[in-house]
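Undergrad: Model the following, please.
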Amino acid sequence: MQRHQRGYSGLQISLHWILAALVLFQLIFGESMTAVVDAAEDGLQASRADLALGSAHYWIGIAILVLVGLRIILRLTSGVPRPADSGPAWMSAAARASHILFYILLAATPILGLLAYYVGDPFGEIHSLAKPVFTLLIVLHAAAALLHHFWLKDDTLKRIFIPGV
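TA: You can find the predicted model right below:
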């Protein structure tokens, strides 16, 4: 059963935006890890930039895994605001489904990345599939938030910026 609260807490909002920034970094600079792995497989040395960004990709992936664990714990213990009543029922179902998919991706992608790093393929290939899925989900998530704000004129978007709304 889902627990509901008036609005997101400051900690929940902070975790949302920290995770968003970390995922964005991973999506933009994640190819450096591929360059490092490919260079190692070919017996070559990756560039200093790729080594630095590859290392950052590794540690940020671990940070994402830890922070999403914290976010899930907070969600289970503190609850979340009730969904906006504006819009058709399918929108609420889509919102629930997209949030579940986000949590699955946020947990599974770093785990698959670690398995790819320490075990190898096929985990690397599966891990790389997360990028287009994340990208599509982020676009849909942002579009839905803007739709709620500008078309449905509810507080959905405000809730992820202002605690307690």
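Undergrad: Who are the contact partners of the residue nearest to residue 155 when sequence neighbours are not counted?
TA: Distances taken as C-beta to C-beta, 6 or more residues apart in numbering put residue 165 closest to residue 155, at 5.4 Å, once the chain neighbours are dropped. Every C-beta, even on glycine, is put in place using the N, C-alpha and C of the backbone. Neighbouring residues of residue 165 by C-beta atoms under 8 Å, 6 or more residues apart in numbering: 7-8, 155, 158-159.
Undergrad: So for residue 105, what's the pLDDT?
TA: Per-residue confidence at residue 105 stands at 97 (pLDDT).
Undergrad: That one: how many residues sit nearby?
TA: 18 (other C-beta atoms under 10 Å).
Undergrad: show me the residues around it that make contact.
TA: Residue 105 is in contact with 130, 133-134, 137, counting by C-beta under 8 Å, 6+ apart.
Undergrad: Now stretch 5-15: average pLDDT?
TA: Mean pLDDT, computed over stretch 5-15, is 90.
Undergrad: that older thread, can you tell me how far the residue nearest to residue 155 is from residue 81?
TA: Distance of residue 165 to residue 81, given as C-beta to C-beta, to the nearest Å: 8 Å.
Undergrad: Next: residue 58.
TA: Taking C-beta to C-beta as the measure, residue 58 falls 34 Å from residue 81.
Undergrad: That'll do, ta.
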